[in-house]
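A.B. asks: Test case, fold it:
(2 chains)
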Amino acid sequence: MLEITKINRSFGARQVLTDVSFDVPGGRITGFVGRNGAGKTTTMRIVLGVLTADSGEVRLDGALLTPADRRRFGYMPEERGLYPKMPVAEQLVYLARLHGLSQRAARHNTSDLLAKLELSDRAGDKVETLSLGNQQRAQIAAALVHDPQALILDEPFSGLDPLAVDVVLAVLRERAAAGVPVLFSSHQLDIVEQLCDDLVIIAGGTIRAAGPRDELRDRYAGTTYQATFGTDAGWLRDQPGITVRDFDGPNVIFDAGSPEAAQSVLAAAVARGPVLSFSPRRPRLAEIFKEVIQ
Amino acid sequence: MTTTPATTPSLTAPAATPGLSFGQAVRLIAEREILTRLRSRAFQVSTGIMLLAALAGVIAAGTLGGRTSTTSVAVVGDVAAVQQASGLAVRHVGSVAEATALVRAGTVDAAVVADRSSPAGIRIIADESSPDALVAALSVKPQVTLLDPPTIPPGLRYAAAFGFALIFLMSSATFGGTIAQSVVEEKQTRIVEILISAISTRTLLTGKILGNSLLAFAQVVVTGAFAVIGLSVTGESATLSLLGAPIAWFVIFFVIGFVLLASMFAAAASLVSRQEDIQATVTPVTMLVMIPYFLVIFFHDNSLVLTIMSYVPFSAAVGMPLRIFLSEAAWWEPLLSLLILLAGTVGVIVAAAKIYGNALLRTGAKISVREALRSSGVD
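C.D. replies: Purely as a prediction, here's the structure:
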């Protein structure tokens, strides 16, 4: 598990991170969301040791990170970059070796990864001759080629075509399943919602919410409910204290104001006929996001 | 080294984490720099030009270096001295008037006539200037013991000065420019962020400087070897014996001086983020390389300027070998100059590493040197 504790950092007079703390558990994919300038990239750079923190610490499995640990991290920077004039495979072998792999292991991983990312036939081509989508795949390969013990990916899906998203996703899941902590940032909330096990939301340099996705959704469920009745749900609109948000025949989404009021609605509904479903409505990530960054 | 199972990364196998020492990392980086350069057309062409320049230099040294060409003379009567002198194309004529006419017409370089009134017994008739070579050839030379070692023919002196300066200028400018470009390439493509997440900026800088220095060094050695072989093949073994020690010193000074300049090029380049801005940022450093070149061309016979040059780190690589060649330097002088150069180089490397490390992640407008020395990080 990767533990980030009370990280502070300022650039000149501008404080960009304030007491940033969160965990990235091994074996799970953690999504890091926030608007541009919220502090995502700075946080990731500090975790990687590319930048130093003014205060705070980063631990891996309880021990403070050393440069040797960090060398075993996989990193994909937000602004992509590989040597444009260097052949893909040669470049991956080089990067793997800089991360400490032997020549043999580096070669093996490279051909393996290129096959998985469907890039094998471009192995000998210069990076600059690849299409943008393939360059992105090569970039992902650069982050994975040394069998990292933790993965930090800054906006890994931006610029990927849907097919590549699936390929990359499969590779990331495989790594997470092997026990590696995976942290990735994104501003595409729908992707994050569908992909992540855990969520960290940052705004203005402070962590606004963090935890397992489903727990967060429950926590921010509030008093909104959704129900499906056996009959038309129109009667709900006349109930005092109830605000109907959405209504379509027997399906209804409403704000009860309190759990007790919701229970009265349920009792009333049961008295009227069958109730097929009745549950607190879990907000979508976009809704939680809007709420917590204010 | 441990072989890592390739496809299944595991947190529970720290033993599968091979270490990478500073030296190994530097070597990897240097190797890549060298390989990239060897593949580049620009490098191949510039090496070719260097070798041609060395060859041209050798030929120039041969012709300018006082190899006496044949002097044609018209001789009146039987002049014994002419028979003994070498390098003369003798043409016997009947009268002094005839000889004078030939000189005037330019058919011969000079005429030699017997003259009882002259202490030498002969008189030389020439057109505009005294034919020194001929005079020397016909003179009776007393035995000379030189207290100061041999004077260098002015042509050779110039050729040597020019050669050292040109090689230094060409390699420094070429490889300095290459280093600058490769620093900015890494910064512009942002691969630098991946690199420094694996290794320190110090390691990266060291590897880049080492790789390029080795190449520059190899290029100079090959050029030097070319010149030496050229000199011995063209029979200029005398010139070779004069040039041998200065060439060796040049190589030593060059190696250290180049590292100094390479560090400056790298630091200067790290201040900008785009290839288009390189020219502006490295111009001051390029000036430092050009100055010794022009100083040597204009002041190669001014010993005060040469002395100063031979102690200033940026020009010592040109100035000191030249002074050794001209036998103007005492034995301890190259050593002292080398110490100054070493100290200067260490100082520059420390500053350059700091600038480089601080500027590497900052993109956008050009960063000032003072800013880069002071603050780190990105904004």
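A.B. asks: Could you list the low-confidence segments of the chain?
C.D. replies: You didn't pick a chain, so chain A it is. Nowhere does chain A drop to pLDDT under 70.
A.B. asks: Actually, chain B is the one I wanted.
C.D. replies: Scanning chain B for pLDDT under 70 picks out the ranges B:1-19, B:61-70, B:80-81, B:83-87, B:140-141, B:144, B:146-154, B:235-239, B:363-364, B:375-379.
A.B. asks: Now do the helices in it.
C.D. replies: Applying DSSP state H to chain B gives helices spanning B:22-39, B:41-64, B:80-84, B:96-105, B:132-138, B:154-188, B:191-198, B:201-233, B:237-270, B:278-299, B:303-309, B:316-325, B:332-359, B:369-374.
A.B. asks: which other residues reach stretch B:253-261?
C.D. replies: With contacts defined as CB atoms under 8 Å, 6 or more residues apart in numbering or on different chains, stretch B:253-261 is touched by B:167-168, B:171-172, B:175-176, B:209, B:213, B:216-217, B:220, B:285, B:288-289, B:313-314, B:316-317, B:320-321, B:334, B:337-338, B:341-342, B:344-345, B:348-349. Where you see a C-beta, it was placed from the backbone N, CA and C, and this is true even at glycine.
A.B. asks: Report the buried members of these.
C.D. replies: Buried residues within the contacts of stretch B:253-261, defined by neighbour count using 16 or more other CB atoms under 10 Å in any protein chain shown: B:167-168, B:171-172, B:175-176, B:209, B:213, B:216-217, B:220, B:285, B:288-289, B:313-314, B:316-317, B:320-321, B:334, B:337-338, B:341, B:344-345, B:348-349.
A.B. asks: Tell me how far residue B:349 lies from residue B:307.
C.D. replies: Separation of residue B:349 from residue B:307 (CB to CB, to the nearest Å): 26 Å.
A.B. asks: Could you do residue B:111 as well?
C.D. replies: 46 Å.
A.B. asks: and what of residue B:221?
C.D. replies: Counting by CB to CB, the gap from residue B:221 to residue B:307 is 27 Å.
A.B. asks: again, but for residue B:258
C.D. replies: Shown here: residue B:258 relative to residue B:307, a distance of 22 Å by CB to CB.
A.B. asks: The two: who's more crowded?
C.D. replies: Using other CB atoms under 10 Å in any protein chain shown as the criterion, residue B:258 and residue B:307 rank with residue B:258 on top: 23 against 16.
A.B. asks: Run a quick neighbour tally on whatever residue of chain B ends up closest to chain A.
C.D. replies: Closest contact between chain B and chain A, by CB to the nearest CB, is at residue B:190 (3.3 Å). Using other CB under 10 Å, residue B:190 has 18 other residues around it.
A.B. asks: Now the residue in chain A that chain B sits nearest to: closest residue in space that isn't a chain neighbour?
C.D. replies: Proximity of chain A to chain B (CB to the nearest CB) peaks at residue A:81, 3.3 Å away. Once flanking residues are discounted, residue A:81 sits nearest to residue B:190: 3.3 Å by CB to CB, 6 or more residues apart in numbering or on different chains.
A.B. asks: The one you found contacts residue A:80, correct?
C.D. replies: Yes. The pair residue B:190 / residue A:80 is scored as a contact, 6.5 Å apart, by CB atoms under 8 Å.
A.B. asks: now the strands: where do they sit in the stretch 1-150 of chain A?
C.D. replies: In the stretch 1-150 of chain A, strands defined by DSSP state E, counting those that start in this stretch lie at A:2-11, A:14-24, A:29-33, A:55-60, A:63-64, A:73-76, A:150-154, listed in chain order.
A.B. asks: Now these in JSON lines, please, with extra columns for mean neighbour count.
C.D. replies: Below are those laid out as JSON lines (neighbours: other CB atoms under 10 Å in any protein chain shown):
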{"stretch": "strand A:2-11", "mean neighbour count": "18"}
{"stretch": "strand A:14-24", "mean neighbour count": "19"}
{"stretch": "strand A:29-33", "mean neighbour count": "26"}
{"stretch": "strand A:55-60", "mean neighbour count": "16"}
{"stretch": "strand A:63-64", "mean neighbour count": "8"}
{"stretch": "strand A:73-76", "mean neighbour count": "25"}
{"stretch": "strand A:150-154", "mean neighbour count": "26"}
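A.B. asks: Turn these into a markdown table, including distance to residue B:38.
C.D. replies: Output for the strands of the stretch 1-150 of chain A, formatted as a markdown table (distance: least, CB to CB, whole Å):
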| stretch | distance to residue B:38 |
| --- | --- |
| strand A:2-11 | 41 |
| strand A:14-24 | 43 |
| strand A:29-33 | 42 |
| strand A:55-60 | 40 |
| strand A:63-64 | 42 |
| strand A:73-76 | 29 |
| strand A:150-154 | 34 |
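A.B. asks: Which positions in the stretch 101-250 of chain A make contact with chain B?
C.D. replies: A:101-102, A:104-105, A:108-109, A:112, A:142-143, A:147-149, A:175, A:178-180 (CB under 8 Å from any CB of the partner chain).
A.B. asks: Closest one of the residues you listed to residue B:298?
C.D. replies: Of all these, residue B:298 sits closest to residue A:142, with 51.9 Å by CB to CB.
A.B. asks: In contact with residue 42, which residues?
C.D. replies: Going with chain A. With CB under 8 Å, 6+ apart, residue A:42 has these contacts: A:9, A:16, A:17, A:51, B:378.
A.B. asks: wrong one, chain B
C.D. replies: Residue B:42 neighbours (CB under 8 Å, 6+ apart): residue B:178.
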